[in-house]
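1. Dropping the sequence and predicted coords here.
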Amino acid sequence: MPNSAQAYNRLMSDHYQCFKARRERLLAIMAAAGGGVAVIPNAQEKLRNRDSHFPFRADSYFHYLSGFPEPEAVLLLVAGETKKESLLFCRDKDPEKEVWDGFRYGPAAAPGHFGVDAAHSIKEFDEKLVELLAAHPSLWYSLGHDAEFDARISRAINALRAQARSGRRAPTTVHDVHAALDAMRQIKGVEEIALMRRAADISASAHRRAMRASAPGKFEYQIEAELLCEFRASGSQAPAYNSIVAGGANACVLHYVGNSQPLKDGELLLIDAACELDGYAADITRTFPINGRFSGPQADVYDLVLDAQAAAIAAIRPGAAFNDGHEAALAVIVRGLIDLKLLAGSVDGVIESEAYKRFYMHRTSHWLGLDVHDAGEVKRGEHWKTLEAGMVLTVEPGCYIRAADDIPAAFHNIGVRIEDDALVTSDGCDLLTDAAPKTIADIEALMRDGR
Ligand code: GLY
Ligand code: MN
Ligand code: MN
């Protein structure tokens with residue numbers, strides 16, 4: 001079995017075939033629904049201030065279908081009665097701008113590299129869109145994500161409405177193209193799984209490095225620096241989301257990203273951090289003692305969350321419902337909180353009253369892929385999505401005990417979350433993030449021997 005780095009390197013050699021195959025699948029879906037023109041714009045560069053931009057991140061849908069790395073680009077897929085084609089609109093070559101901002105493919109070179117049928121200057125996009133919409137009855141576009149681009153689409157439609165007397169017609173149907181793509185994105189292909197395994201491996205290494213580096217007196221940001229160094233040094237482009245490095249009471253703030261405080265002897269450190277690799281996210285949380293040894297109450301809460309995670313993982317298999325893992329984890333957490341006398345009553349009663357939400361207020365899973373909270377339905381009406389092989393979801397139960405008069409002091413400010421990424425397989429699931437230690441024995445051994 002090749003390791004994730006070997007699989008990743010092999011994948012990169014014929015990387016672009018998979019984008020073409022996805023375009024062909026979407027075109028087939030469009031054709032089966034009567035055809036039309038799909039418009040998928042890339043993200044725009046965002047100004048931070050004056051001449052500085054935020055790091056550019058492609059739109060996930062555009063990337064999924066094209067792999068084209070430049071801003072100011074739009075993909076048009078045309079499913080006609082007799083012909084299907086993919087057209088890319090991109091920036092022109094510009095030797096002077098390329099001196100300042102770097103290489104541009106330009107319309108002449110793009111088809112050879114990205115396998116589209118033709119590429120044009122982005123300056124021709126608006127005119128070409130009007131022409132294509134006039135010839136097809138449906139527009140496939142997802143409204144409401146980019147007001148400027150929505151206005152551009154409206155202008156094209158209104159241009160056709162204004163030409164009604166000359167016999168031209170605006171499309172009469174609009175399909176949400178994201179809905180079709182969300183269903184595709186929910187089942188990962190082999191090339192996506194290879195990327196996600198590599199992103200997970202790099203992220204797990206970063207967690208091991210953070211465990212080795214932690215010590216009382218250091219600051220949260222110093223541990224964040226260890227994570228970021230491991231991500232970048234291993235070839236990932238960016239964190240998949242803002243890293244949470246939360247010591248002591250900060251672990252009870254679910255979206256704590258200040259990462260500014262000193263680490264204290266006797267407290268836990270919760271780290272929720274992972275990298276993005278070629279567009280694909282990992283998502284890992286580990287919680288461990290800053291001094292390398294769990295106290296009794298910390299171990300009690302930790303093992304409770306670990307047991308809850310094991311119950312959720314055991315519920316992930318094809319045919320199970322998306323929510324089965326959450327229900328399994330919740331039952332274990334509620335039983336444990338009652339046993340620790342932090343909650344009173346029966347398991348069913350506590351679940352019914354939602355009294356557990358004081359300590360466990362988030363859900364156990366979300367989809368993972370190009371986006372850390374990835375595309376795709378979890379529920380339709382009353383029915384939870386059925387798991388299928390190729391789906392990837394997180395498993396992340398937690399327990400957060402804030403200081404309060406009715407809570408024994410030994411439990412104050414214990415915040416624990418344990419998060420792994422599960423690929424649904426033909427008969428269960430495969431944890432992509434297993435290389436980050438999580439039993440108390442493994443964590444304490446790494447912190448003792450690995451420093
Ligand atoms: N890191 C984001 C999440 O766990 O959902
Ligand atoms: Mn998550
Ligand atoms: Mn997370």
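-> In hand now; what should we look at? Ligands and ions are numbered 1, 2, ... in the order given.

2. neighbours around Lys46, how many?
-> Here the number of neighbours of Lys46 (other Cβ atoms under 10 Å) works out to 11. All C-beta spots, glycine's among them, are computed from the backbone N, C-alpha and C.

3. Check the model's average confidence along whichever strand or helix holds Glu226 for me.
-> Assigned by DSSP states H and E, Glu226 belongs to helix 220-233. On average, the pLDDT along helix 220-233 is 98.

4. repeat for stretch 47-56
-> 96.

5. quick one: that stretch to chain centroid distance?
-> The chain centre lies 23 Å from the centre of stretch 47-56; the measure is Cα atoms, centre = their mean, to the nearest Å.

6. So for it, first residue to last residue, what's the gap.
-> 10 Å (Cα to Cα, to the nearest Å).

7. The closest residue to Ala314 other than its chain neighbours: how many residues sit nearby?
-> In space, not counting the residues next to it along the chain, Ala314 is nearest to Ala328; the distance is 7.0 Å by Cβ to Cβ, 6 or more residues apart in numbering. Residues near Ala328, counting by other Cβ under 10 Å, number 23.

8. quick revisit: going by neighbour count, which residues of the helix holding Glu226 are buried?
-> Applying a neighbour-count criterion of 16 or more other Cβ atoms under 10 Å, the buried positions in helix 220-233 are Glu220, Gln222, Ile223, Glu224, Ala225, Glu226, Leu227, Leu228, Glu230, Phe231.

9. How about the residues of this structure by ligand 1?
-> Taking Cβ under 6 Å from any ligand atom as the measure of proximity, the chain contacts ligand 1 at Tyr241, Asp272, Asp283, His366, Val372, Glu396, Glu419.

10. Keep the residues you listed, but drop any that are not near ligand 3.
-> Checking the residues of the chain next to ligand 1 against ligand 3 by Cβ under 5 Å from the ion, the ones in range are Asp272, Asp283, Glu419.

11. Out of the residues you listed, who's the most crowded?
-> Neighbour counts for those, by other Cβ under 10 Å, peak at Asp283, which reaches 27 neighbours.

12. Show me the strands in the stretch 1-150 of the chain, by range?
-> Assigned by DSSP state E, counting those that start in this stretch, the strands in the stretch 1-150 of the chain fall at 36-41, 47-49, 52-53, 74-79, 84-90, 118-121, 138-140.

13. what's the neighbour count on the nearest residue to Arg317 once chain neighbours are set aside?
-> Counting by Cβ to Cβ, 6+ apart, the nearest residue to Arg317 once its immediate chain neighbours are dropped is Gly428, at 4.8 Å. For Gly428, the count of nearby residues is 16 (other Cβ under 10 Å).

14. Please verify my assumption that Gly428 contacts Gly319.
-> No: Gly428 is beyond contact range of Gly319, at 10.9 Å (criterion: Cβ atoms under 8 Å).

15. and of the buried residues of helix 220-233, the nearest to ligand 1?
-> Nearest to ligand 1 among those: Leu227, at 12.7 Å, using Cβ to the nearest ligand atom.

16. Can you name the residues that contact the closest one?
-> Counting by Cβ atoms under 8 Å, 6 or more residues apart in numbering, Leu227 makes contact with Ala206, His207, Arg209, Ala210, Pro239, Ser243, Val245, Ile271, Ala273.

17. Dump those residues to a markdown table, plus pLDDT, secondary structure and neighbour count.
-> Output for those, formatted as a markdown table (pLDDT from 0 to 100; DSSP: H, G, I helix; E, B strand; the rest coil; neighbours: other Cβ atoms under 10 Å):
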| residue | pLDDT | secondary structure | neighbour count |
| --- | --- | --- | --- |
| Ala206 | 98 | helix | 28 |
| His207 | 98 | helix | 26 |
| Arg209 | 98 | helix | 17 |
| Ala210 | 98 | helix | 24 |
| Pro239 | 98 | strand | 21 |
| Ser243 | 98 | coil | 24 |
| Val245 | 98 | strand | 29 |
| Ile271 | 98 | strand | 30 |
| Ala273 | 98 | coil | 28 |
